[in-house]
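Chemist: Starting from these lines, generate the structure:
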Amino acid sequence: MRILENLKPERVFYYFEELSAIPRGSGNEKGAADFVESFAKEHGLFCHRDKNNNVFIKKAASEGREASPAVLLQGHMDMVCEKNSGTVHDFEKDGIKLILDGDTISADGTTLGADDGVAVAIMMAILEDDDAVHGPLECLFTTEEETGLGGMKAFDKSLVSAKYMLNLDSEDDDCATVSCAGGVRTDFEFCDIPFERCAGKVTLSVTGLTGGHSGADIDLGRANAIKVAFSMLSGLENVRLIEAVGGSKDNAIPRECTIVFTCDDAMSAPSILAECANDVRETLSDDDKSFKFNAEYSVGAYHAFAEKYSRGIITLVNSLPYGPLGMCEDVPGLVETSSNPGIIKTDGSSVKITSSSRSSVSERLDGVIASLDSLAEFTGATKITHRDRYPGWDVTKNSKLQAIYKEAYRDLFGEEPKIVGIHAGLECGLIKEAIPDLDIISTGPNARDIHTPDETLSVSSTEKVYKLTKEILKRLA
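Modeler: Numbering: from 1, shown residues only. Below you'll find the predicted structure:
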């Protein structure tokens with residue numbers, strides 16, 4: 001028996017469960033693309049699949065609606081792959097184990113992939129629904145959204161004839177998103193670091209933090225495990241790093257970090273770190289009340305990075321900006337600029353640190369990049385690379401789609417929806433850059449704690465958004 005078998009809308013949750021069984025982390029979307037392409041062929045729909053595994057499907061207008069403007073529905077097939085410590089799950093091979101609890105769908109110790117698998121399921125259900133009323137319909141299923149919007153960057157946007165676009169990658173069912181931030185990823189590398197011998201090591205681990213989306217949740221005051229762990233080293237003398245591993249996705253706030261190191265009087269380090277952990281605990285928000293700390297000393301012969309280079313790495317991590325760096329003047333409460341150190345890992349004699357920065361103002365993002373360049377030079381990083389920059393998306397003035405969305409929402413649900421901007425990045429900016437006249441909004445059902453193993457999706461909210469999407473299509477036809 002299917003976990004989601006009796007839920008409504010039946011076909012949305014059928015396709016969501018089918019998709020959940022397919023591994024589809026960013027860069028591994030072939031299986032998901034095969035699934036969507038096969039669906040199109042089975043239903044006799046036009047289908048174009050490119051070398052990046054983006055899938056573009058078109059369906060003819062409903063009878064009598066042939067003269068209506070085309071509408072594009074869009075979402076991404078890939079998902080962020082995060083799991084709890086101790087969870088046995090291979091994201092390259094295993095499907096997501098779904099859990100249903102009342103109105104809430106979650107996963108067993110991993111991310112759920114509702115971001116943005118629910119969009120894929122909604123589009124497939126609408127394409128299949130011959131009773132849906134719409135003009136010419138286009139659906140775009142993209143790849144590698146979570147790792148730099150790679151699929152949308154590569155997609156041939158000249159295939160799109162739509163005048164209106166509904167992106168289905170938002171997480172609140174009572175609002176339409178009409179603008180988003182741009183962003184860039186930055187890699188710092190320390191290469192060919194010389195080693196020195198040491199006779200003992202300390203293993204420091206920080207776990208239990210909540211984490212979250214590095215854009216949408218950046219203003220919630222949640223702690224960054226990499227920043228917390230490295231800040232705790234400040235009370236120790238002559239620290240030499242042996243290994244550091246923290247975070248796994250630069251667009252997720254790190255929940256865990258482990259640092260292996262030696263220092264002067266390493267045997268006493270665990271007790272010093274324990275006192276520091278108590279101080280850290282007092283500064284944490286209620287979201288991070290499950291914070292856990294452990295430090296152990298081990299005797300043995302080890303190779304540590306030379307003190308000079310270790311000091312540079314530690315200084316860099318402790319100096320990297322984290323959290324909101326500026327607020328939007330025109331939208332109260334909206335973050336304008338932010339940064340998140342998301343990953344650190346060692347590989348032999350090298351260390352790599354990746355940070356994700358965002359801003360709705362291009363010039364402010366330029367300023368963050370300049371400050372990161374200065375930090376790299378000051379701390380002796382071998383190399384710094386800024387990559388995967390993507391544009392923001394500005395509000396469309398006098399948007400017909402916004403007006404129809406608000407009318408449809410009011411008529412269906414008897415209340416006024418919200419029109420908002422978000423600090424997270426969306427693919428809307430890239431397609432708007434290529435098709436400036438495209439009228440766009442972003443919607444989606446209630447999904448919480450995305451990019452974390454606590455991710456959830458609301459069943460009733462999914463039904464609400466499905467109904468709303470069909471009504472908007474009908475009114476645009």
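Chemist: residues near Glu363, how many?
Modeler: If you count neighbours by other C-beta atoms under 10 Å, Glu363 ends up with 7. Where you see a C-beta, it was placed from the backbone N, CA and C, and this is true even at glycine.
Chemist: check contacts around the closest residue to Lys93 other than its chain neighbours.
Modeler: Of all residues not flanking Lys93 in the chain, Pro23 sits nearest, at 6.0 Å (C-beta to C-beta, 6 or more residues apart in numbering). Shown in contact with Pro23 (C-beta atoms under 8 Å, 6 or more residues apart in numbering): 31, 91-95.
Chemist: Select only the buried ones of those in ChimeraX?
Modeler: Selection of the buried residues among those in ChimeraX, burial being defined by 16 or more other C-beta atoms under 10 Å:
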select :31,91,95
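Chemist: Adding pLDDT, write the contacts of Pro23 out as a markdown table.
Modeler: A markdown table is the format used below for those (pLDDT from 0 to 100):
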| residue | pLDDT |
| --- | --- |
| Gly31 | 98 |
| Phe91 | 98 |
| Glu92 | 97 |
| Lys93 | 96 |
| Asp94 | 97 |
| Gly95 | 97 |
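Chemist: show me where this structure has helices.
Modeler: Counting by DSSP state H, the chain has helices at residues 10-20, 30-42, 114-128, 150-154, 225-231, 269-283, 307-319, 362-379, 400-413, 428-434, 459-476.
Chemist: CA atoms only: put the shortest one into PDB for me.
Modeler: Pointing back at helix 150-154 there. Below are the C-alpha coordinates for helix 150-154, written out as PDB (Å, rounded to 0.1, in the frame of the first residue of the first chain):
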ATOM      1  CA  GLY A 150      22.600  25.300 -13.500                       C
ATOM      2  CA  GLY A 151      19.700  23.700 -15.400                       C
ATOM      3  CA  MET A 152      17.900  27.000 -15.900                       C
ATOM      4  CA  LYS A 153      21.100  28.700 -17.000                       C
ATOM      5  CA  ALA A 154      21.600  26.000 -19.700                       C
END
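Chemist: Work out the gap between it and the centre of the chain.
Modeler: Mean-position distance between helix 150-154 and its chain equals 16 Å (C-alpha atoms, centre = their mean, to the nearest Å).
Chemist: Other residues contacting that helix?
Modeler: 26, 29, 50-54, 76, 78, 142-145, 388, 390, 427, 430-431.
Chemist: Just the buried ones from the residues you listed, in PyMOL syntax?
Modeler: Buried members of these can be picked out in PyMOL with the line below, counting by 16+ other C-beta under 10 Å:
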select buried, resi 26+29+52+53+54+76+78+142+143+144+145+388+390+427+430+431
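Chemist: burial measure for Ser362, as a count.
Modeler: Other residues near Ser362 come to 12 when the count uses other C-beta under 10 Å.
Chemist: Show the pLDDT at the residue lying closest to Thr385 once chain neighbours are set aside.
Modeler: Among residues not flanking Thr385 along the chain, Asp187 sits closest, at 4.6 Å (C-beta to C-beta, 6+ apart). We have a pLDDT of 98 for Asp187.
Chemist: Check Gly333 too.
Modeler: 87.
Chemist: What is the burial count for it?
Modeler: 8.
Chemist: Just list the residues touching it, thanks.
Modeler: 219, 327.
Chemist: for Ser298, which residues make a bridge with it?
Modeler: Under DSSP bridges, the beta-bridge partners of Ser298 are Lys201.
Chemist: how much space is there between it and Gly200?
Modeler: Separation of Ser298 from Gly200 (C-beta to C-beta, to the nearest Å): 6 Å.
Chemist: More neighbours: which of those two?
Modeler: Set side by side, Ser298 and Gly200 give different neighbour counts by other C-beta under 10 Å, the larger being at Gly200 (15 against 12).
Chemist: what sits against that one?
Modeler: Counting by C-beta under 8 Å, 6+ apart, Gly200 makes contact with 262, 266-267, 297-300, 302.
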